[in-house]
Structure formats: C-alpha cells, structure tokens
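Whatever this is, show me its structure:
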Amino acid sequence: MTRTALVALTVSGLAAPAALADVQTPLQDPMNSGMWEYHQQNLLGDPADIRFDDRVIVRGPGEAEDTVNVPLLVDASALDNVDKIVISADYGPIPHIMTYYPGQAEAKIALRFKIDQGTAIRASVRTHDGAWHIGSTYIDAAGGGCSAPAAAYANADWYDRLGEIHGQVWPASGRARMVVDHPMDTGLAGDIPVFIIEDLYLRDDAGTELARLELFEPVNEDPAFTVYFDPEIMPASLHVDGRDNNGNEIEGLLQAADTH
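Sure thing, here's the model as predicted:
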C-alpha cells in the first residue's frame, strides 16, 4: 500500500489504524531485548502468527528483593481458547521457567521463580488457532538466584518432607493455592545436580485432568502456585499428582477450609 493510499484510508475513517497496528505489533519488542529473537526460536519455533499483545498481562516487582523467590502473575484471561502459556526469562542462565496448560482452568497463574540478573520476563500464550500472543515485563535484580544452593539441606528431615503438598481451594472465588516441598536444584550450584519437579497435574475427584504445569529449573524452591477457575465449575477439592526428575512421586489433595 502506498503512503498516499494509507493516508486516504485514515482520513476517510476506515480501519487503517487497527490494520497498521496488526502489522507493526509483531515486529516491535517493547523490551528491546537482544535475546528475545533467539529464545523465541528455541521456545516457540517459528510460528507464522506471533505478536506482542497488551491483553497478556505479566506482573512482577520492578526490582527483585529476594532473588530466589520472585513473585510473578501471568494473566491471559482476556484471550479466548488459550491452550499453552510458556514463561521465560530473556537473560536467565536457564531461560525456560515453566509451561502451563490451563485446560479447564483460567489462563491465569501466579508463581515464584529464581532470577539471576535484570531481565525481561515473557509470557508466550498460544491460542487454539496456533497464534502466539506475547506479554512482557522487566525485573531488575542483583543476581545469583539460580546458582544458590537450596536451603532445604540445612534441615535433617528435608527428605522426609519431600513432595508434601500444602494448600487450599476457595471454590466461591475460583482460586486454589498450593506449595510443594522440594529443593528444585538448578544444577548450577557446585556439586549439586539438577533435582526438580517436572510435572504437576490438577485433577477432579473422578481423575479428570483439569490443568497441567511443566516445571523447569528456575522455579523456586518449595514451588508455590495459585491457579484460577471459573467459580461455576470450580471443584470443592483438587487432587494434585506429579513426578520429579529422580522418579519421586508427588501426590496430595487441596480442599476448601472447614467452615464448621
């Protein structure tokens, strides 16, 4: 389209501004990161439809006070038909933080992770049509979170508590929170191999899978997650099961608080 034709469309009141935004949005990284294109290829491949999208909200602190427990909220609930959310750090020694498959849950999750330096944090959200929608934020940090050894080893009974699940569901608000006891070793601390939870499944009483979390090394020690459901379909209890990379099984139950 020539410049003259584009101006004519704008003046005539047609939808040229929206069309132009659709063209420009995939090309303009709001973080101006030198690593995004590289990580996009490794994490997402080379999808035909990829764009930065303000409807994908990524919220964290401007500066990480505790580099081994950085809170993050990803909210893509403004998009329809989300089937996958990939969360990553552009300048992390291990960029892939986790992947969330919301299934019957909302496309929204809160978590904590380790950070090694100031970096753009991304949520890459895939919808059923194969399109990817990218949300971003920047978190500054002094560094070292990914190479710190787990604090669990200071306790003699840490292995006895391995894989225990703590948490609760709030059906009226469609919210569930869980914490899993696990060191989540990145393999970057001296002489300590990678030791992480790989998968967590949320199921209803009938065993139907409602959502799945795929975890990677940057997820924090004793991982903590909040997941969200439509209150109209939120079960009164959630069964959690999974496995770590050493074959240890994880199993627990989240229930609503006793109101009696």
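
Going by C-alpha atoms from here, please, whenever you check contacts or count neighbours.
Fine.

mind listing the helices in the stretch 101-250 of the chain by residue range?
Counting by DSSP state H, counting those that start in this stretch, the stretch 101-250 of the chain has no helices to list.

low pLDDT regions in it?
Nowhere does the stretch 101-250 of the chain drop to pLDDT under 70.

and with 90 instead?
Scanning the stretch 101-250 of the chain for pLDDT under 90 picks out 142-160, 189-191.

Distance across stretch 224-234, terminal residue to terminal residue?
20 Å (CA to CA, to the nearest Å).

ok, now which ones touch Met98?
Contact partners of Met98, counting by CA atoms under 8 Å, 6 or more residues apart in numbering, are Val86, Ile87, Ser88, Leu213, Glu214, Leu215, Phe216, Val219.

which two from those residues end up farthest apart in space?
Spatially, the most separated pair among those is Ser88 and Leu213, at 14.0 Å (CA to CA).

And the two? Which one has more around it.
For the pair Ser88 and Leu213, the greater number of neighbours falls to Ser88 (26 against 20), based on other CA atoms under 10 Å.

Could you check how far the more buried one is from Asp204?
29 Å.

Could you do Lys114 as well?
Counting by CA to CA, the gap from Lys114 to Asp204 is 30 Å.

Compare these two and say which is more crowded by neighbours.
Using other CA under 10 Å as the criterion, Lys114 and Asp204 rank with Lys114 on top: 27 against 17.

Not counting its neighbours along the chain, what's nearest the more buried one?
Counting by CA to CA, 6 or more residues apart in numbering, Val68 is the residue found nearest to Lys114 once chain neighbours are left out, at 4.2 Å.

repeat for Gly167
Nearest one to Gly167, counting by CA to CA, 6+ apart, is Met178 at 4.2 Å.

shouldn't that neighbour be in contact with Leu253?
No. Between Met178 and Leu253 there is no contact under CA atoms under 8 Å: 9.5 Å.

Quick check: neighbours shared by those two?
Joint contacts of Met178 and Leu253 (CA under 8 Å, 6+ apart) are Ile165.

what is the residue positioned nearest the centre of the chain paired to in the beta sheet?
Against the mean C-alpha coordinate of the chain, by CA atoms, centre = their mean, the closest residue is Ile87 at 4.2 Å. Counting by DSSP bridges, Ile87 forms beta bridges with Met98, Ala123.

show me the contacts for it.
Ile87 sits next to His96, Ile97, Met98, Thr99, Ile121, Arg122, Ala123, Ser124 when contact means CA under 8 Å, 6+ apart.

Which two among those are spaced furthest apart?
Thr99 and Ile121 (13.4 Å).

Looking at these two, which is more packed in?
Between Thr99 and Ile121, counted using other CA under 10 Å, the more crowded position is Ile121 (25 against 20).

Was I right to think the more buried one contacts Val86?
No. Counting by CA under 8 Å, Ile121 does not reach Val86; the two are 10.6 Å apart.

before we move on, back to that, mind checking how far the residue nearest to Gly167 is from Asn81?
25 Å.

which one of these two has more residues nearby?
Met178 (20 against 15).

Tell me what the more buried one is bridged to.
Beta bridges link Met178 to Gly167, Phe225 when assigned by DSSP bridges.

Strands along the stretch 1-150 of the chain, start to end?
50-52, 57-59, 70-75, 82-89, 96-101, 108-113, 119-127, 132-139 (DSSP state E, counting those that start in this stretch).

All set now, cheers.
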